[in-house]
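Colleague: predicted model and sequence follow; I will ask about them next.
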Amino acid sequence: MNCTRKQVRITAMFHENQSPQGIGPRWAIAGLALFSLTALLVTAWILVDFSREIQILKELSHHLPASDLPEATELAGNLRFQSQLALLLILNTVVLSGAVVLLVRAYLSSESSLRVTKVLATDILASLDLGIITTDQNAEILSFNPCAESLLWPEQEEQGDGPKHFPNSHQTLTNICQEVLSTHASIRDIDYVMEYDGHPRTLRAGCTLLRDHLQRLIGSVVHVRDVTEKVLIEQRLRRMERYMSLGSLAAGLQHEIKNPLSALALHVQLLREGMQEENPSPDTRAALDVLAEETHRITRVLENFRDFASVDKLELQLVDLKSLIQKVIRLVKPQAEKQRVQLSSQLPDEPLPEVRLDGIRMEQVLLNLMLNALAAMPAGGTLEVTVESFNDSVALRVADSGAGIPKNLQSKIFDPYFTTRSTGTGMGLAICEKIVRQHYGTIDFESGSHGTTFTVMLPAERCSPVG
């Protein structure tokens, strides 16, 4: 699930308490600047006043008697000294004004750096493919980034300041958030499954405490991401590991049991033929029938073992997918008509990209998928086979309108010997998965009440199979 880059909603992480902390320093700097300007003007006014008084004193000195001249001279000296002090005060005021200017520049620079940091932090949160949600100590949402919005509220329009609580469908996030806030212990890697447009998606969540720079508890940080593809890859790797060990076991069992079983089947047949002349009792005939039937069942199990173990080397050649699909449809058509299943195919008019396949093995895959689809619709329905080409791959889909696969069984359907039918061996899909994987392809499915669709993705222009 892609996350579009939007403006990150931040209701607490960056903006809360910004006004009280920002307005205070601004008023202080403005007051200091005003004080410096006032002090400079008052000092200049005092200096001008001193100059005028000295001039007046000089004019008066010319009219004073000689006996008063010493006092006049002393008074003139005091006035000159005070004017010098006023000059010093002006100098101090100018220096203070310069300091205020530097302080204002430093403040504006730091405020600009803070804005850049906030924008950078916002851009980082917006660019993450990980959903980030912050909450307060009551587990109420404070902020979330676009990825979190697309995961938690994919269809909700912007309203006011945004939601305050996690959606009811994401109750797991509420639970882990409350647990972290109550225990103060971090939680990591909690998986839960959600449906988006009818398709299940696996989300992985975690939660940690959110503290400020003084280590005071603010709330919690919840992180959630879509790990659907990762979970599918992990499941495929586990299946591959099981297949590798099961393949070796299958080869050994098929070799060790085949010969004794063949001898047992032969002797059961000879015993039945020998006892027909003696007119055996019904119990004896029933016992022989059970022996023959169980021997045949074990033989079929061994044949599945053989098929599973023998899919090691593929005979690759350029195959016309359209012809291959039409051939399998002809094989399945009588059974579909018998079950009143409407069988159709959607094949593109344009040529498909070249695909190197083992035609016989791929027929086996398609035939198995179509027979499974028919088995899911005993009372009739629709079965459609479609092909879609891409730049470097081809998608082959088999869709039925059956009851679907129960959710509690969907993770097991590719497991060997897993079957929901009393007549099945449980090896069909396991063999199909192995054949597709050896063609460098993948096989997946989607299932619901509307039916089940299996999709086989095959890469174009591959020449060497995997083992």
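Modeller: Good, I have the coordinates. Since we're looking at a predicted model, the values are computed, not measured.
Colleague: I'd say I329 and L343 touch.
Modeller: Yes - I329 is within contact range of L343, at 6.4 Å (criterion: C-beta atoms under 8 Å). Every residue, glycine included, has its C-beta placed from N, CA and C.
Colleague: buried stuff in stretch 287-301?
Modeller: L288, L291, A292, T295, V301 (16 or more other C-beta atoms under 10 Å).
Colleague: am I right that the second one falls within a strand?
Modeller: Read that as L291. No - L291: not assigned to a strand; according to DSSP: H, G, I helix; E, B strand; the rest coil it is helix.
Colleague: for it, give its distance to P260.
Modeller: L291 is 14 Å from P260, where distance means C-beta to C-beta, to the nearest Å.
Colleague: ok, now the fourth one?
Modeller: If you measure T295 against P260 using C-beta to C-beta, the figure is 11 Å.
Colleague: could you give the number of residues near S182?
Modeller: Residues near S182, counting by other C-beta atoms under 10 Å, number 9.
Colleague: just the element for it, please.
Modeller: helix 171-183 (DSSP states H and E).
Colleague: which other helices and strands does that helix contact?
Modeller: Helices and strands touching helix 171-183, by 3 or more C-beta pairs under 8 Å, 6 or more residues apart in numbering; DSSP states H and E, are strand 131-136, strand 187-196, strand 199-211, strand 217-226.
Colleague: mind checking those for the one nearest to Q364?
Modeller: Q364 lies closest to strand 199-211 among these, at 28.4 Å (C-beta to C-beta).
Colleague: buried set for the closest one?
Modeller: R201, T202, L203, R204, A205, G206, C207, L209, L210.
Colleague: partner strands of it, parallel or antiparallel?
Modeller: strand 187-196 (antiparallel), strand 217-226 (antiparallel) (DSSP bridges).
Colleague: who's in contact with that strand?
Modeller: 1, 134-135, 151, 172-173, 176-177, 179-181, 184, 186-195, 217-228, 231, 446 (C-beta atoms under 8 Å, 6 or more residues apart in numbering).
Colleague: quick one: mean pLDDT for that strand?
Modeller: On average, the pLDDT along strand 199-211 is 88.
Colleague: next, the angle helix 171-183 makes with it.
Modeller: Here strand 199-211 runs at an angle of 20 degrees relative to helix 171-183 (axes from the mean of the first three to the mean of the last three C-alpha atoms, to 10 degrees).
Colleague: pipe the buried residues of strand 199-211 into JSON lines and attach distance to A106 per row.
Modeller: Shown next, in JSON lines, are the buried residues of strand 199-211 (distance: C-beta to C-beta, whole Å):
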{"residue": "R201", "distance to A106": "50"}
{"residue": "T202", "distance to A106": "51"}
{"residue": "L203", "distance to A106": "46"}
{"residue": "R204", "distance to A106": "45"}
{"residue": "A205", "distance to A106": "43"}
{"residue": "G206", "distance to A106": "41"}
{"residue": "C207", "distance to A106": "39"}
{"residue": "L209", "distance to A106": "34"}
{"residue": "L210", "distance to A106": "31"}
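Colleague: ok, so of those residues, who is nearest R105?
Modeller: Scanning the buried residues of strand 199-211 for proximity to R105, where the rule is C-beta to C-beta, the winner is L210, at 34.3 Å.
Colleague: that closest one and T134, how far apart?
Modeller: According to C-beta to C-beta, L210 stands 6 Å off from T134.
Colleague: low-scoring stretches of the stretch 101-250 of the chain, by residue?
Modeller: Residue ranges of the stretch 101-250 of the chain with pLDDT under 70: 156-162, 198, 236-237, 239-250.
Colleague: would you list every one of the helices in the stretch 51-200 of the chain?
Modeller: In the stretch 51-200 of the chain, the segments counted as helices under DSSP state H, counting those that start in this stretch are 69-127, 146-152, 171-183.
Colleague: now tabulate the helices and strands packed on helix 171-183 in TSV and tack on distance to V385.
Modeller: Shown next, in TSV, are those (distance: least, C-beta to C-beta, whole Å):
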stretch	distance to V385
strand 131-136	38
strand 187-196	26
strand 199-211	21
strand 217-226	30
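Colleague: Q339 is nearest to which of the ones you listed?
Modeller: With C-beta to C-beta as the measure, strand 199-211 is the member of those nearest Q339 (28.6 Å).
Colleague: could you check the angle that closest one makes with strand 131-136?
Modeller: Going by the same axes, to 10 degrees, strand 199-211 makes 40 degrees with strand 131-136.
Colleague: any idea of the mean pLDDT for the host helix or strand of T453?
Modeller: T453 belongs to strand 451-459 when elements are defined using DSSP H and E. For strand 451-459, mean pLDDT is 91.
Colleague: repeat that for stretch 321-334.
Modeller: Stretch 321-334 shows a mean pLDDT of 88 in the predicted model.
Colleague: do stretch 41-58 as well
Modeller: 66.
Colleague: coming back round to it: show me which pair in the buried residues of strand 199-211 is furthest apart.
Modeller: Using C-beta to C-beta, the pair of the buried residues of strand 199-211 lying farthest apart is R201 and L209, separated by 27.6 Å.
Colleague: what ranges does the stretch 351-467 of the chain have for its helices?
Modeller: 359-375, 428-438.
Colleague: could you say which of those helices is packed most deeply?
Modeller: When you average the neighbours per residue for each of the helices of the stretch 351-467 of the chain (mean count of other C-beta atoms under 10 Å), helix 428-438 leads with a mean of 22.
Colleague: what helices and strands are in contact with that one?
Modeller: Helix 428-438 packs on helix 228-275, helix 282-310, helix 359-375, strand 442-448, going by 3+ C-beta pairs under 8 Å, 6+ apart.
Colleague: export the third one to CSV, keeping only CA atoms.
Modeller: Spelled out, that is helix 359-375. Extracted as CSV, the C-alpha positions of helix 359-375 are listed here (Å, rounded to 0.1, in the frame of the first residue of the first chain):
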residue,chain,number,x,y,z
GLY,A,359,4.1,-27.7,-21.4
ILE,A,360,3.2,-31.0,-19.7
ARG,A,361,3.9,-29.7,-16.2
MET,A,362,2.0,-26.4,-16.8
GLU,A,363,-1.0,-28.4,-18.2
GLN,A,364,-0.9,-30.4,-15.0
VAL,A,365,-1.0,-27.1,-13.0
LEU,A,366,-3.9,-25.6,-15.0
LEU,A,367,-5.9,-28.9,-15.0
ASN,A,368,-5.5,-29.3,-11.2
LEU,A,369,-6.7,-25.7,-10.6
MET,A,370,-9.7,-26.2,-12.8
LEU,A,371,-10.7,-29.6,-11.3
ASN,A,372,-10.4,-28.0,-7.9
ALA,A,373,-12.7,-25.2,-9.0
LEU,A,374,-15.3,-27.7,-10.3
ALA,A,375,-15.1,-29.6,-7.0
